[in-house]
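> fold the following for me, if possible:
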Amino acid sequence: MSTTATSPASTDADLQALSDKLEIIELVGLERLWRDTGEWDKLAAAFTEDAVIKTTWFDGNARAFVELSREMADRGRHSKHPINPIYVRINRDRALVESRAEIQNRSEIDGVWVDMTQYVRFISRVRRTPEGWRLASFEGIYEKGTLAPVNPLDRLPFDWSEVERSVPRPAYQLWAWAMTRRGYKVPDNLLGDDRPEELRAFYAREAQWLEGGGDK
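Residues are numbered from 1 along each chain as shown. The predicted structure is shown next:
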């Protein structure tokens with residue numbers, strides 16, 4: 001019976017890789033928790049100084065994202081973001097993480113309380129910094145949305161044609177419609193499963209960045 005010896009260097013590298021992966025997974029989960037619970041200073045610290053965020057309602061740097069998220073919460077919109085990091089790839093001081101997530105919101109539409117859920121995958125570039133791993137980007141890939149009255153006996157108080165006119169993208173049509181009603185402008189060119197060619201190009205760019213390409 002033969003045995004294969006494991007060198008101390010190999011063991012140390014495996015432990016470091018595991019430690020890095022766990023730190024990134026925790027970071028991704030805490031970033032969403034801190035946004036949901038209004039921990040704004042902690043939320044800001046989760047990102048690099050030059051991090052770029054792109055969502056249905058925001059496209060810009062992390063500092064502005066945190067401030068506008070605070071303003072949104074102060075106006076009474078409190079969405080929740082349960083998230084499950086499922087794929088972490090690390091290359092030296094860079095990493096990519098992909099997560100399955102939901103955006104959940106309960107709000108009132110013309111006198112009827114409704115629950116909305118947007119199903120999404122979040123992709124982030126992550127960089128190792130002197131303070132630890134930090135998010136260098138945050139972007140959603142939109143899948144589908146649902147809406148239902150809180151009271152199942154209520155009727156939804158809108159015409160479906162109104163939704164179809166909002167944003168002609170089935171991947172996030174309901175969510176965009178609801179955001180538009182609140183005064184937000186939602187672009188129709190976000191990443192989504194309904195545009196697979198654009199999605200493939202995006203994944204290719206992110207993989208290139210992970211291998212050392214790109215500007216950050």
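> just the pLDDT at Arg77, thanks.
pLDDT for Arg77: 82.
> tell me, how many residues neighbour it?
16 (other CB atoms under 10 Å). The way it works is simple: take the backbone N, C-alpha and C, and place the C-beta from them, glycine included.
> how about Leu153?
By other CB under 10 Å, neighbour count at Leu153 equals 5.
> not counting sequence-adjacent ones, nearest residue to the spatially most central residue of the chain?
When CA atoms, centre = their mean is applied to the chain, the residue found nearest the centroid is Phe122 (3.6 Å). Residue nearest to Phe122 in three dimensions, not counting chain neighbours: Ser99, with 4.7 Å by CB to CB, 6 or more residues apart in numbering.
> beta partners of the one you found?
For Ser99, the beta-bridge partners are Pro85, Phe122 (DSSP bridges).
> ditto for the one 5 residues further on
For Gln104, the residues forming beta bridges with it (DSSP bridges) are Lys80, Thr117.
> quickly note the distance from it to Leu96.
Look at Gln104 and Leu96: by CB to CB, to the nearest Å, they are 25 Å apart.
> neighbour count for the two, which is higher?
Per other CB under 10 Å, whichever of Gln104 and Leu96 has more neighbours is Leu96, with 20 against 15.
> so who does the more buried one touch?
Tyr87, Val88, Arg89, Ile123, Ser124, Arg125, Val126, Glu206, Ala207, Trp209, Leu210 (CB atoms under 8 Å, 6 or more residues apart in numbering).
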